[in-house]
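Colleague: Output the structure for:
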Amino acid sequence: MMTGRGIGSSEVAGGPARHIPVLVRPVVEHLAIHDGGQYIDGTFGAGGYARAILGAADCKVLGLDRDQSAVANAADLVGEMGGRLTVAESRFSALDEVAASFGIAAVDGVVLDLGVSSMQLDEAERGFSFRLDGPLDMRMGGEGASAADVVAAASERTLADIIFLLGEERHSRAVARAIVKTRAETAIRSTSQLADIVARVVRSRPGDIHPATRTFQALRLYVNDELGELAASLMAAERILKAGGRLVVVSFHSLEDRMVKTFLADRAGSRMGSRHLPQVAPPPASFQVLTKRPVGPDDTEVTANPRARSAKLRAAARTEAPADAAGRPALPRLPVLADALRGR
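Modeller: Prediction:
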């Protein structure tokens, strides 16, 4: 849910929003929004996509967010939209179930904006940012174990696996070793503490990303089970989209983008089977891929919002084929959270 540049009030229902997602125009274009349509914004945030969708046609939007504050802050916009916008507190992995609870059996489009929102990054008390000192939390919904809990309890090997697999940090073992050494002397409870520990073992040159970027990303993904949520949400979208309905996903790092790309390729029947295994007829394609290459931000958007620079949009249209209930996207083999908290 990263934010990008604003767009004029004539293009956004309810007036200009304080936070607008990146790639908002390509999102609207690929959703093919039309009058009478029903759409799901699975990562509502500050409502940037929902505003743009509602401003494009006389349609309805169901917005979901696991962050209670995002849902509470949506009250004014819900009122402005006069019954065209509904916002519910939920993980997007349950988007089809939540839609059914509102009497929505099928939708014309689903949009997912992955990652952490600028609002969350800019609130030090949420503990997402290494640039702002705050409690080492990182929980999007406020429930379950925090990043501080994982850092305090996970074994050195488990920490290294998490940081390597989810952060793609090549110095993961050194980072894990430094964390374990430090926590033996003092509790690691703040974002600045962890950032300083990582910066001591991960060197960077001028112009590089902050040395703690990959470690913070890994812990956030792990604490919130973001890849598991993404896998489930892609399947939920497949189940609830009408024939011709559009799925649009905006991702911000390679793990998410790779998962979306692989899922759509599988569902479109475009992946080749292994030459070492017997050939099996694939199920009918449930999606038609609309973006052969991911769509990225233009220079103007990156200049206005540097956080947009890594955004990638992929889109696909639903066919009439039934959803593939068995084909869950593959996930990295990660330590179970309960085991990590027991020091395994």
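Colleague: gap between the strand or helix carrying residue 262 and the chain center?
Modeller: Element membership of residue 262, judged by DSSP states H and E, is helix 254-268. Chain-centre distance of helix 254-268: 14 Å, with C-alpha atoms, centre = their mean, to the nearest Å.
Colleague: what comes up buried for it?
Modeller: 255, 256, 257, 259, 260, 261, 263, 264, 266, 267, 268 (16 or more other C-beta atoms under 10 Å). Using the backbone N, CA and C atoms, a C-beta is placed for each residue, glycine as well.
Colleague: Would you mind identifying the next helix or strand past it?
Modeller: Sequence-wise, the next helix or strand downstream of helix 254-268 (DSSP H and E) is strand 287-289.
Colleague: Quick check: mean pLDDT of the helix or strand just after that following strand?
Modeller: Using DSSP H and E, the helix or strand that follows strand 287-289 towards the C-terminus is helix 299-304. When pLDDT is averaged along helix 299-304, the result is 90.
Colleague: and helix 299-304, which residues are buried?
Modeller: 301, 302.
Colleague: just stretch 167-185 next, same as before
Modeller: Using 16+ other C-beta under 10 Å as the test for burial, stretch 167-185 gives 167, 169, 171-176, 178-180, 182-183.
Colleague: May I have that stretch exported as PDB, CA atoms only?
Modeller: The C-alpha trace of stretch 167-185 is given here as PDB (Å, rounded to 0.1, in the frame of the first residue of the first chain):
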ATOM      1  CA  GLY A 167      14.900 -10.100   3.000                       C
ATOM      2  CA  GLU A 168      17.200 -11.600   0.400                       C
ATOM      3  CA  GLU A 169      20.000 -10.300   2.600                       C
ATOM      4  CA  ARG A 170      23.300 -11.900   1.700                       C
ATOM      5  CA  HIS A 171      24.800 -11.000   5.100                       C
ATOM      6  CA  SER A 172      21.900 -12.700   7.000                       C
ATOM      7  CA  ARG A 173      24.100 -14.900   9.100                       C
ATOM      8  CA  ALA A 174      26.200 -12.000  10.300                       C
ATOM      9  CA  VAL A 175      23.100 -10.000  11.100                       C
ATOM     10  CA  ALA A 176      21.500 -12.900  13.000                       C
ATOM     11  CA  ARG A 177      24.800 -13.400  14.900                       C
ATOM     12  CA  ALA A 178      24.900  -9.700  15.900                       C
ATOM     13  CA  ILE A 179      21.300  -9.800  17.000                       C
ATOM     14  CA  VAL A 180      21.800 -12.800  19.300                       C
ATOM     15  CA  LYS A 181      25.000 -11.300  20.700                       C
ATOM     16  CA  THR A 182      23.400  -8.000  21.500                       C
ATOM     17  CA  ARG A 183      20.200  -9.500  23.000                       C
ATOM     18  CA  ALA A 184      22.300 -11.500  25.500                       C
ATOM     19  CA  GLU A 185      23.400  -8.200  26.900                       C
END
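Colleague: picking that back up, closest one to residue 114 out of the buried residues of helix 254-268, please.
Modeller: The nearest member of the buried residues of helix 254-268 to residue 114, counting by C-beta to C-beta, is residue 256 at 5.0 Å.
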